[in-house]
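S.K.: show me how the following folds:
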Amino acid sequence: MTKCQVPAVLIHQIEEELDKEEDEMMVFLCRDLAPDLATAGLKELLVALNERDKLSLLGLSELLYRVKRYDLLRRILKTEKTTVEANLTRNPRLVPDYRVLMVEINENLEKEEVSSLVFLLRDFAPRMKMAKDKSFLRLVIELEKLNLVAPNQLDLIENCFRNIHRIDLIKKIEKYKQEGKILLHCLVLIVRVRCSLTKDKATSQSIFVDRPPGQPGSCPTSTRFSPCVLYSFWELTMPLKYDGFKETS
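M.R.: The predicted model follows:
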């Protein structure tokens, strides 16, 4: 049995401090990390991730940063917002950009707007439960289950935002898509360079194999990647040892 990276007392203290909405956001952010625990509560989920070596203090600080609980970063984790931001630029991220985007959108929607979205989606998901108190994140989860929304499939949500005149949110999605295209382009270039240096064709094949999201090596045709693939991308950017380029005739 491996030693957990995050002390249980920290998980307990953080869970006690979060309100219902923050709890829901954090569970949503972790959804891809443990698909088998989709219905678990936050404490159970964090404990499971910790036991599976998928959670670290860096990851926990990222989660608090995403839900904007900077006070808990200082008081419980003894770190600062600026430190977390610096770490996010230097280390592989725990949470996929898609989940971060959905949480940011959730924070910018009023309850009346979410109700309007639920109504507009009747034509596409007639069997979806139409609870009045449904949050945007809960709505996204149900749309994911129906294969109507995914990291590379956001047109439906964009159209709904257009109908409620939230052009600012459409711009957020467009920015996300553009950044994804740039990331994909960079990944392709890096793989090609690495293969030319190592002559390892298996490297490129293993990265682009179409596997279910969340599994090692998964990289569907979307412009976003699971945490494991982003980690592979990070590894690919590390310095390579080589004997130099050989001239080709």
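S.K.: I'd like to know how far the residue positioned nearest the centre of the chain sits from Ile167.
M.R.: Nearest to the centroid of the C-alpha atoms of the chain, with distances taken as C-alpha atoms, centre = their mean, sits Pro96, at 1.9 Å. With distances taken as C-beta to C-beta, to the nearest Å, Pro96 is found 25 Å from Ile167. To be clear about C-beta, it is placed using only N, CA and C from the backbone, and glycine gets the same treatment.
S.K.: ok, now Val191?
M.R.: 36 Å.
S.K.: who has more neighbours, the two?
M.R.: Taking other C-beta atoms under 10 Å, Val191 and Ile167 do not tie; Val191 has more neighbours (20 against 10).
S.K.: report pLDDT for the more buried one.
M.R.: For Val191, the model assigns a pLDDT of 75.
S.K.: going forward can the numbers begin at 96, since that is how I track them
M.R.: Done: numbering now begins at 96, and the last item shifts to Val286.
S.K.: assumed it was part of a helix.
M.R.: Yes - assessed with DSSP: H, G, I helix; E, B strand; the rest coil, Val286 lies in a helix.
S.K.: so how far does stretch 181-194 reach from one end to the other?
M.R.: By C-alpha to C-alpha, to the nearest Å, the extent of stretch 181-194 from end to end equals 20 Å.
S.K.: Lys270 - how many residues pack around it?
M.R.: The burial count for Lys270: 11, using other C-beta under 10 Å.
S.K.: which other helices and strands does the strand or helix carrying it contact?
M.R.: Using DSSP states H and E, Lys270 maps to helix 262-293. Secondary-structure packing of helix 262-293 (3 or more C-beta pairs under 8 Å, 6 or more residues apart in numbering; DSSP states H and E): helix 192-202, helix 250-258, helix 296-302, helix 322-331.
S.K.: now do 6 Å
M.R.: Counting contacts by 3 or more C-beta pairs under 6 Å, 6 or more residues apart in numbering; DSSP states H and E, helix 262-293 packs against helix 250-258, helix 296-302, helix 322-331.
S.K.: how does the protein divide into domains?
M.R.: What automatic domain parsing lists as the domains of the chain is 103-189, 195-264, 275-331.
S.K.: give me the three-state assignment for Glu239.
M.R.: Applying three-state DSSP: Glu239 is helix.
S.K.: leaving out the residues flanking it, which one is nearest to it?
M.R.: Ala245 (6.6 Å; C-beta to C-beta, 6 or more residues apart in numbering).
S.K.: do Val244 as well
M.R.: Of all residues not flanking Val244 in the chain, Leu238 sits nearest, at 3.9 Å (C-beta to C-beta, 6+ apart).
S.K.: what count of nearby residues applies to the one you found?
M.R.: Leu238: 20 neighbours (other C-beta under 10 Å).
S.K.: gap between Met150 and Arg126?
M.R.: No Met there; residue 150 is Leu. Computed as C-beta to C-beta, the Leu150 to Arg126 distance reads 14 Å.
S.K.: neighbour count: the two, which is higher?
M.R.: Leu150 (24 against 20).
S.K.: got the phi and psi for that one?
M.R.: Leu150 adopts backbone torsions of phi -120, psi 130, taken as degrees, to the nearest 10.
S.K.: and it, what is it in contact with?
M.R.: Contacts for Leu150 (C-beta atoms under 6 Å, 6 or more residues apart in numbering) come out as Val101, Leu144.
S.K.: need the pLDDT of it.
M.R.: 95.
S.K.: doesn't Leu155 belong to a helix?
M.R.: Yes - counting by three-state DSSP, Leu155 falls inside a helix.
S.K.: find the nearest non-adjacent residue to it, please.
M.R.: Nearest non-adjacent residue to Leu155, counting by C-beta to C-beta, 6+ apart: Val101, 5.7 Å away.
S.K.: count of neighbours near Leu232?
M.R.: Neighbours of Leu232 under the rule other C-beta under 10 Å: 22.
S.K.: cool, and the one 4 residues further on?
M.R.: Number of residues near Ile236 (other C-beta under 10 Å) recorded here: 17.
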